[in-house]
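>>> build me a model:
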Amino acid sequence: QCSKSLLAAAGFALEKQDRPIGQLSFGQRARLGLLSMRLLQPNFYLLDEPMGQLEPRLRAGVRVERRRVGRAVGHRVLELGQLIAGPFASAMLAGFGAEVIKIEPPGAGDYLRLLPPHGPDGMNPIFTTLNRGKRSIVLDLNDEEGRRILRALAKRADVLVESFRPGVLDRFGVGLESLRRDNPRLITCSVAGYATDGALATAPGHDLTYQAVAGALSLDGGPPVLPALPLADIAGGLFAALGIVAALTARNVNGEGRHVPVTLEESIGALLLMERAEMHMPFRFGNMLRGGRAGYQIYRCSDGRYLA
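A predicted model of the protein is given here:
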């Protein structure tokens, strides 16, 4: 039989506390089993569940813990990023179970939240998606108190992700090297725009210009076309998260933090690995993927729909 405390936690009425476990549905039994594990083992966390599918009486009073699965479990991540790439990287880490603290400037903060369109909460839905599951704090790095708080946070953090242009944090007096000196176990990751050894290293840019420089806008040799997705930002965020997880794994062995440099130009370039391998070939396998093969094509059908 189920204990009174478990039944109460699951939201059952008092008159049903003596209900035999065999009379409960499979979902109710599974839920009570997870609750018992949570009570017996404080470090055991439940996966996010589709709470809307549970009966109201089972849902009442039940708190589902944040996911704590994956390589980033128990790690604290500081994010100094705006728009897509940096927030995408830390969103991946939050999905792996990390605690992410988003550090925003005064005023509008990450201005992606204000760009149209606006969802029911008044914010851009892409901003909401990229920053779900994070905590947020406003720090003015132009002010000494803001810099002091950032240094204090970095001393207790595992990872710091930033997407400023190269040298900006140094000008604020909180450069990544100084933060790692204060916390030798800290893993820092910079998500910059252009390759750091190129002429555009410190130039401003957007996803479109990073894809243009990398050669992603004209894969078939024709005129360049506007990309349908911000792939440089997305790829940069993915490679940043991958590099951070690798650095965390290495730290488990040697106990040392390190710097993970990522640029969006080189990230989208990495996705063009196959294209670059065939760059000067008269016949390309990639051409078959862009309409050169009948079995790999999109066809419009007589009913107006399409067949892939």
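
>>> end to end on stretch 252-264, go ahead and measure it.
Terminal residues of stretch 252-264 lie 28 Å apart, using Cα to Cα, to the nearest Å.

>>> chain center to it: distance?
17 Å (Cα atoms, centre = their mean, to the nearest Å).

>>> which parts of that stretch are buried?
Across stretch 252-264, burial judged by 16 or more other Cβ atoms under 10 Å covers 257-258, 260-264. Yep, even glycine has a C-beta here, placed from its N, CA and C like the rest.

>>> so what's Ala232 up against?
Contacts for Ala232 were tallied using Cβ atoms under 8 Å, 6 or more residues apart in numbering; they are 85, 207, 210-211, 214, 216, 264-265, 267-268.

>>> before we move on, the earlier item: for the buried residues of stretch 252-264, which one is nearest Pro224?
Leu264 (17.4 Å; Cβ to Cβ).

>>> how close does the closest one sit to Leu217?
14 Å (Cβ to Cβ, to the nearest Å).

>>> so what's Val262 closest to, chain neighbours aside?
Taking Cβ to Cβ, 6 or more residues apart in numbering as the measure, Val262 lies nearest to Ala240, with 4.5 Å between them; neighbours along the chain are not counted.

>>> from Glu162, how far off is that neighbour?
Counting by Cβ to Cβ - Ala240 and Glu162 are separated by 10 Å.

>>> higher neighbour count, those two?
Ala240 (28 against 20; other Cβ atoms under 10 Å).

>>> which stretch of helix or strand covers that one?
Secondary structure from DSSP states H and E places Ala240 in helix 231-254.

>>> so how far is that helix from its chain's centroid?
Worked out by Cα atoms, centre = their mean, helix 231-254 lies 11 Å from the chain centre.

>>> hmm, back to that, redo the buried residues of stretch 252-264 as CSV? Include secondary structure.
Converted to CSV, the buried residues of stretch 252-264 look like this (DSSP: H, G, I helix; E, B strand; the rest coil):
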residue, secondary structure
Gly257, coil
Arg258, coil
Val260, strand
Pro261, strand
Val262, strand
Thr263, strand
Leu264, helix
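
>>> between the residues you listed, which is closest to Phe172?
The nearest member of the buried residues of stretch 252-264 to Phe172, counting by Cβ to Cβ, is Pro261 at 18.7 Å.

>>> so who does the closest one touch?
Counting by Cβ under 8 Å, 6+ apart, Pro261 has contacts 189-190, 192, 196.

>>> go with 6 Å
If you count contacts by Cβ atoms under 6 Å, 6 or more residues apart in numbering, Pro261 has them with Ser190.

>>> ok, Ala214 next?
265, 268-269.

>>> surely Arg76 meets Leu160?
No: judged on Cβ atoms under 6 Å, Arg76 makes no contact with Leu160 at a distance of 9.6 Å.

>>> settle it for me: which of these two has more neighbours?
Leu160 (30 against 17).

>>> isn't there a strand covering the more buried one?
Yes: the assignment for Leu160, made by three-state DSSP, places it in a strand.

>>> returning to that earlier point: what is the most widely separated pair among the contacts of Ala232?
The most distant members of the contacts of Ala232, if one measures by Cβ to Cβ, are Ala85 and Ala216, lying 15.3 Å apart.

>>> neighbour count winner among those two?
Per other Cβ under 10 Å, whichever of Ala85 and Ala216 has more neighbours is Ala85, with 30 against 23.

>>> residue boundaries of the helices in the chain?
4-9, 26-40, 56-59, 85-95, 125-130, 144-155, 168-172, 176-182, 207-214, 231-254, 264-271, 273-277, 285-287 (DSSP state H).

>>> who touches Pro87 in this structure?
81, 130-131.

>>> how near is the nearest residue to it once chain neighbours are set aside to Ala199?
Once flanking residues are discounted, Pro87 sits nearest to Leu130: 4.2 Å by Cβ to Cβ, 6+ apart. Between Leu130 and Ala199 the distance is 31 Å, computed by Cβ to Cβ.

>>> and if you look at Tyr111?
Taking Cβ to Cβ, one finds Tyr111 at 28 Å from Ala199.

>>> which of those two has more neighbours?
A count of neighbours by other Cβ under 10 Å puts Tyr111 above the other of Tyr111 and Ala199, at 14 against 8.

>>> Arg300: which of the contacts of Pro87 is nearest?
Of all those, Leu130 has the smallest distance to Arg300: 35.1 Å, by Cβ to Cβ.

>>> what does the pLDDT read for that closest one?
At Leu130, the predicted lDDT confidence score is 97.

>>> numbering from 741 from now on, please.
Shifting the count to begin at 741 puts that one at Leu870.

>>> list the contacts of it.
Contacts of Leu870 by Cβ under 6 Å, 6+ apart are 827-828, 831.

>>> including distance to Leu879 and pLDDT, could these go into TSV?
Converted to TSV, these look like this (distance: Cβ to Cβ, whole Å; pLDDT from 0 to 100):
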residue	distance to Leu879	pLDDT
Pro827	16	97
Phe828	21	98
Ala831	20	97
